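Chemist: give me coordinates for this.
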Amino acid sequence: MSLIDKVKNLFGLASTEEQPIASTSRPGEPVSVAPTSTTTGPPPAAQVREQVMRFIIGKLRAYQNEPDTAPAGIQLSVLCTTPADEELYRVVLWTNQPGKFEAELSRQLADNYITLPKNWQFAYTFFTDTLPDTTYREGNLGLVVVDRSKPDNAPLHARVTALVGQLEQPEYILDSAKKTTFCIGRGRTTQTASGRVRTNDIVILNEEDPSYDSAKGAGNGAVSRAHATIRFDPAQKRYVLLVDPGGLPAGGNKTKLIHPDDSIERADIAGMGYPLQNGDQIELGGEVTLFFELL
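Modeler: Take a look at the predicted model:
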């Protein structure tokens with residue numbers, strides 16, 4: 001020990017030498033060293049969710065105390081360059097609990113004196129290469145705000161017919177000016193898990209229906225009573241397909257899109273909107289196939 005260290009010890013001052021760590025091990029036993037904790041990987045989903053909420057709320061502050069001009073819908077775009085990023089944002093947006101993110105966002109918007117109309121719409125899309133043109137952009141997030149104070153473009157019409165299976169009507173015309181959500185399922189009505197009675201807009205016939213044809217509708221039973229929904233996305237001016245609980249099996253694939261170029265897209269993520277192209281075929285339950293076309 002140096003003279004300076006001896007003087008410091010005499011007056012009770014700390015030594016410049018590193019003090020040994022007392023060992024609780026017995027002689028001859030290896031000394032255990034407490035591991036140091038390190039944090040790696042992406043931040044927790046709750047933290048990222050709060051960042052997304054702040055991003056949206058910040059961009060909508062112009063509508064504080066302005067309910068008459070509040071946006072009719074918002075479209076969130078998320079750039080995910082890796083599968084891990086996409087999986088994180090699925091958790092962030094509660095994709096396995098449809099409606100939960102929108103409810104929490106509405107609550108936080110209301111806390112900030114931003115009131116959206118009762119039927120406001122929220123949609124999100126994941127991108128792997130680059131974000132599309134958006135109203136606002138911050139990092140890997142983009143936001144399109146549908147301002148209902150601006151005049152809307154002409155309504156978008158589409159038609160749904162059956163290629164395989166039997167519908168209640170020969171065709172169904174979708175008119176975005178009259179309605180934006182069209183439920184697909186077997187039978188006209190069914191009761192959901194919450195107790196609400198769901199009315200299907202595109203009806204696949206039941207065997208007991210008077211007009212049921214056993215030859216045409218042989219595979220109708222593979223379609224769930226609450227199978228899927230076609231929704232008009234006002235932000236992107238397009239129709240998208242959402243898969244309802246009945247179209248999301250624990251295993252296998254009960255809903256998929258067959259595009260005009262013969263590419264096949266599995267539709268098996270709850271709450272995610274799958275854009276519909278003119279000429280798409282929508283396969284339900286592996287037995288019924290609907291044809292979607294824009295008019």
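Chemist: for the residue nearest to Gly273 when sequence neighbours are not counted, give me its contacts.
Modeler: Nearest non-adjacent residue to Gly273, counting by CB to CB, 6 or more residues apart in numbering: Val240, 3.4 Å away. (C-beta placed from N, C-alpha, C; glycine too.) The neighbours of Val240, taking CB atoms under 8 Å, 6 or more residues apart in numbering as the test, are Ala123, Ile230, Arg231, Phe232, Asp233, Gly273, Tyr274, Pro275, Leu276.
Chemist: so what are the sheet partners of the host helix or strand of the second one and their directions?
Modeler: Under the criterion of DSSP states H and E, Ile230 resides in strand 228-233. When pairing is defined by DSSP bridges, strand 228-233 lines up against strand 181-186 (antiparallel), strand 238-243 (antiparallel).
Chemist: ok, the residue nearest to Leu294 when sequence neighbours are not counted to His259 distance?
Modeler: Excluding its sequence neighbours, the residue lying closest to Leu294 (CB to CB, 6+ apart) is Asn278, at 4.4 Å. Counting by CB to CB, to the nearest Å, the gap between Asn278 and His259 amounts to 10 Å.
Chemist: same deal with Leu105?
Modeler: Leu105 is 31 Å from His259, by CB to CB.
Chemist: who has more neighbours, these two?
Modeler: Neighbour totals were compared for Leu105 and His259, and Leu105 leads with 23 against 13 (other CB atoms under 10 Å).
Chemist: thinking the more buried one is in contact with Arg54, fair?
Modeler: No: using CB atoms under 8 Å, Leu105 is not in contact with Arg54, being 11.0 Å away.
Chemist: so Glu104 belongs to a helix, correct?
Modeler: Yes: the assignment for Glu104 (DSSP: H, G, I helix; E, B strand; the rest coil) places it in a helix.
Chemist: so who does it touch?
Modeler: Per CB under 8 Å, 6+ apart, neighbours of Glu104: Met53.
Chemist: repeat the analysis, applying 10 Å as the threshold.
Modeler: Residues counted as contacts of Glu104 (CB atoms under 10 Å, 6 or more residues apart in numbering) are Arg49, Met53, Trp94.
Chemist: look up the closest residue to the last one, ignoring the ones flanking it.
Modeler: Of all residues beyond its chain neighbours, the one nearest Trp94 is Lys100 (4.3 Å), with distances taken as CB to CB, 6+ apart.
Chemist: give me the low-pLDDT residue ranges for the stretch 51-200 of the chain?
Modeler: 147-154 (pLDDT under 70).
Chemist: that one: strands as residue ranges?
Modeler: With DSSP state E, counting those that start in this stretch as the criterion, the stretch 51-200 of the chain has strands at 73-79, 121-127, 136-138, 141-146, 157-164, 172-175, 181-186, 189-191, 197-199.
Chemist: ranges for the helices of this protein?
Modeler: Secondary structure of the chain (DSSP state H): helices at 3-10, 45-59, 83-92, 100-111.
Chemist: what packs against the longest one?
Modeler: Translated: helix 45-59. Here helix 45-59 touches strand 73-79, helix 83-92, helix 100-111, strand 136-138, strand 141-146, going by 3 or more CB pairs under 10 Å, 6 or more residues apart in numbering; DSSP states H and E.
Chemist: returning to that earlier point: redo the strands paired with strand 228-233 as a markdown table? Include distance to Ile114.
Modeler: Listed next are the strands paired with strand 228-233 as a markdown table, based on distance: least, CB to CB, whole Å:
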| stretch | distance to Ile114 |
| --- | --- |
| strand 181-186 | 24 |
| strand 238-243 | 25 |
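Chemist: of all those, which lies closest to Tyr89?
Modeler: With CB to CB, the closest approach to Tyr89 among these belongs to strand 238-243: 17.2 Å.
Chemist: the closest residue to Arg90 other than its chain neighbours: what's it in contact with?
Modeler: Among residues not flanking Arg90 along the chain, Ile269 sits closest, at 7.2 Å (CB to CB, 6+ apart). Neighbour list for Ile269: Glu86, Arg90, Thr95, Asn96, Phe126, Leu242, Val243, Leu248 [criterion: CB under 10 Å, 6+ apart].
Chemist: next: Thr81.
Modeler: Contacts of Thr81 by CB under 10 Å, 6+ apart are Phe127, Thr128, Asp129, Thr130, Asn140.
Chemist: now do Trp94
Modeler: By CB under 10 Å, 6+ apart, the neighbours of Trp94 are Ala45, Arg49, Lys100, Phe101, Glu102, Ala103, Glu104, Ala270, Gly271.
Chemist: out of the contacts of Val240, who has the most neighbours?
Modeler: Busiest of those [other CB under 10 Å] is Ile230, holding 25 neighbours.
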